[in-house]
Structure formats: C-alpha cells, structure tokens
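Colleague: Okay, predicted coordinates and the sequence, questions at the end:
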Amino acid sequence: MSIENKPDSRCTWCGQDPIYIDYHDNVWGRPEYDSQQLFEKLCLDGQQAGLSWITILKKHQGYKNAFADFNPELISQFDDEKVNALMLDTSIIRNRLKINSIIKNAKAFVRYESEHGVGSFSEFLWSFVGGSPIINSWQTKSEVPTETEQSRLMSKTLKKLGFNFVGPTICYAFMEAVGMVNDHLITCISYHECNQSN
C-alpha cells in the first residue's frame with residue numbers, strides 16, 4: 001500500500017523535512033481569519049513564484065525581521081533606501097521585484113482597510129469562498145487543482161486593487177494554505193482536523 005493510501009499518512013508534498021511536516025500538520029489548511037496574517041501569507045506566496053515553498057518557509061523568520069513583522073502600515077513607508085538595504089539581506093530572497101511587491105501590496109492593503117475598515121481585508125478575501133471553507137475530498141495528489149474559478153476571480157480583483165504577484169495559481173496556493181479550501185487528501189491525518197477547526 002502506498003503512503004497516500006495509508007489512513008495515518010500525510011499529504012506527500014511535505015516529505016520528511018521536520019519544518020515542512022510541522023507546517024503541514026499545524027498551519028496548512030487551517031482556517032485563518034486575521035487580516036494581517038492573511039496579508040503576510042499572501043505576500044509570502046508571492047515570494048515563492050519560481051521557487052519551492054520550503055525555500056520561503058525556511059526564510060520565514062528572515063522575512064518577518066526584514067518586513068516589520070508584516071505590519072502593512074510600516075511596510076508601506078519603505079523607501080528606495082530601504083529597498084537597497086533589503087537587497088543586501090541574505091535572510092530573504094534578494095529579488096528587487098519581489099521586495100517591491102511586498103511594499104506595493106502593503107500600500108494596497110492600507111488603502112483598502114482605510115476605505116472599508118480595520119479587519120475588512122479578511123472579510124474581502126473570504127468572500128471568494130462564501131465566507132467559509134470549501135471542503136474537498138481528494139484521494140490522490142493528481143486530483144488537486146492548481147487554480148480554480150475562485151482563485152482566478154481573487155487574482156483579478158486583487159490586481160485591480162493594486163496588488164501584484166497574485167496570479168491565479170499563487171492565489172490558489174494561498175487559499176489552500178489559509179484554509180479557504182481543505183485540500184488535504186482524505187487519507188491525510190490533518191484532513192478531519194482541518195474540517196473540525198472551521
């Protein structure tokens with residue numbers, strides 16, 4: 001019997017790395033409703049573009065240190081001098097476009113919440129799944145989509161608001177990570193736990 005079919009198995013993507021296993025078991029797929037936490041995760045998923053998620057995961061603390069613990073108000077004030085300093089910071093991905101994307105996203109976040117109220121960013125993002133998680137029932141990794149109608153609409157809307165590095169695939173990975181959809185395989189030890197945490 002393959003690992004995917006064992007009742008006590010995990011989703012195969014997390015492999016054997018302790019950091020990845022901890023992320024899979026305790027974060028991925030568990031509903032998150034805090035606006036700043038959602039902003040942080042959306043930015044980090046954008047940093048992943050072209051890279052593996054484990055690369056970003058291992059640099060998570062570096063990003064938190066470099067980007068003011070993902071406080072959008074503070075990040076929105078970053079200037080060119082700050083960007084140049086971040087380009088020398090080995091604890092993050094030193095890509096100017098990606099660094100600037102976090103700043104751009106922070107400005108869009110601040111603008112949105114100033115117009116709609118504190119905490120409104122969470123309600124806005126969750127609206128794409130009707131306010132509660134979509135519970136899937138995949139048996140194999142090959143069944144899991146890389147984008148959906150909801151992620152395409154989220155991507156289009158975020159771009160209109162001034163966000164970038166938010167393509168449909170990035171948005172779907174984000175939706176999986178923050179529990180807007182439960183894409184743990186039904187044989188995974190975390191599948192029912194995530195459903196119960198809704």
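Modeller: Received the coordinates, thanks.
Colleague: Surely Ile135 and Asn182 touch.
Modeller: Yes - the pair Ile135 / Asn182 is scored as a contact, 5.0 Å apart, by Cβ atoms under 8 Å. Every residue, glycine included, has its C-beta placed from N, CA and C.
Colleague: Give the intersection of the neighbour lists for those two.
Modeller: Between them, Ile135 and Asn182 have Asn195 as joint contacts when contacts are counted by Cβ atoms under 8 Å, 6 or more residues apart in numbering.
Colleague: Tell me which of these two has more neighbours.
Modeller: Comparing Ile135 with Asn182 by neighbour count (other Cβ atoms under 10 Å), the higher total belongs to Asn182, at 26 against 12.
Colleague: quick one: contacts for that one?
Modeller: Counting by Cβ under 8 Å, 6+ apart, Asn182 touches Gly29, Pro133, Ile134, Ile135, Asn136, Tyr191, Cys194, Asn195.
Colleague: where's it relative to Asn26, distance?
Modeller: Distance, Asn182 to Asn26, by Cβ to Cβ, to the nearest Å: 15 Å.
Colleague: May I have stretch 119-138 as PDB, with CA atoms only?
Modeller: The C-alpha trace of stretch 119-138 is given here as PDB (Å, rounded to 0.1, in the frame of the first residue of the first chain):
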ATOM      1  CA  GLY A 119     -10.200  43.900   9.600                       C
ATOM      2  CA  SER A 120     -12.100  44.300   6.300                       C
ATOM      3  CA  PHE A 121      -9.300  42.700   4.200                       C
ATOM      4  CA  SER A 122     -10.100  39.300   5.800                       C
ATOM      5  CA  GLU A 123     -13.800  39.600   5.000                       C
ATOM      6  CA  PHE A 124     -13.000  40.600   1.500                       C
ATOM      7  CA  LEU A 125     -10.700  37.600   0.900                       C
ATOM      8  CA  TRP A 126     -13.100  35.100   2.500                       C
ATOM      9  CA  SER A 127     -15.900  36.400   0.300                       C
ATOM     10  CA  PHE A 128     -14.400  34.500  -2.600                       C
ATOM     11  CA  VAL A 129     -15.400  31.200  -0.900                       C
ATOM     12  CA  GLY A 130     -18.700  32.500   0.500                       C
ATOM     13  CA  GLY A 131     -17.200  33.200   4.000                       C
ATOM     14  CA  SER A 132     -16.500  29.500   4.900                       C
ATOM     15  CA  PRO A 133     -14.000  26.800   3.800                       C
ATOM     16  CA  ILE A 134     -14.600  24.700   0.700                       C
ATOM     17  CA  ILE A 135     -14.200  21.100   1.900                       C
ATOM     18  CA  ASN A 136     -12.800  18.900  -0.900                       C
ATOM     19  CA  SER A 137     -12.400  15.200  -0.800                       C
ATOM     20  CA  TRP A 138      -9.400  14.300  -3.000                       C
END
